[in-house]
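K.L.:
sequence and computational prediction follow.
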Amino acid sequence: MLEHLNFFNKVINELLTVDVKIDEKDKVLILLSSLSESYDHIVTTMLYGKEILIFKEVTSTLLSNEIRKKSNQEEQT
């Protein structure tokens, strides 16, 4: 997930350097739609859980989810 977010931010920054502006809502939607199917449950929860999605909150939720998944995997081994 961290690699995906880093790449996503790199692309967004490159777009900004050529004066392509993406508003917060679109940035969130592009990020969520770029995730694999394994994230469908969390994407659905985020999309229907709030009226306004903030990019920092979404990335924080995604990273927290990754930490939780890794912790659960370690407990099972």
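P.N.:
Received, thanks. Predicted model, so just to flag it, every value in this text is computed and none were measured.

K.L.:
buried sites along the longest helix along the chain?
P.N.:
The longest helix of the chain (DSSP state H) is helix 55-76. Across helix 55-76, burial judged by 16 or more other CB atoms under 10 Å covers 55, 58-59, 62, 65. For every residue, glycine as well, the C-beta is placed using N, CA and C.

K.L.:
distance to residue 71 and pLDDT for the residues you listed - can I get that in JSON lines?
P.N.:
Output for the buried residues of helix 55-76, formatted as JSON lines (distance: CB to CB, whole Å; pLDDT from 0 to 100):
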{"residue": "55", "distance to residue 71": "25", "pLDDT": "95"}
{"residue": "58", "distance to residue 71": "20", "pLDDT": "95"}
{"residue": "59", "distance to residue 71": "19", "pLDDT": "95"}
{"residue": "62", "distance to residue 71": "15", "pLDDT": "95"}
{"residue": "65", "distance to residue 71": "11", "pLDDT": "91"}
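
K.L.:
which member of those residues is positioned nearest residue 45?
P.N.:
residue 65 (9.7 Å; CB to CB).

K.L.:
check the closest residue to that closest one other than its chain neighbours and give its pLDDT.
P.N.:
Excluding the flanking residues, the one nearest residue 65 by CB to CB, 6 or more residues apart in numbering is residue 42, at 5.5 Å. Reading off the confidence values, residue 42 has pLDDT 91.

K.L.:
ok, so what distance separates residue 42 from residue 16?
P.N.:
Computed as CB to CB, to the nearest Å, the residue 42 to residue 16 distance reads 27 Å.

K.L.:
quick one on the thing from earlier: neighbours around the residue nearest to residue 65, how many?
P.N.:
Residue 42 is flanked by 17 other residues according to other CB atoms under 10 Å.

K.L.:
what packs against the stretch of helix or strand it belongs to?
P.N.:
Per DSSP states H and E: residue 42 is located in helix 40-49. Other elements packing on helix 40-49 under the criterion 3 or more CB pairs under 8 Å, 6 or more residues apart in numbering; DSSP states H and E are helix 24-33, helix 55-76.
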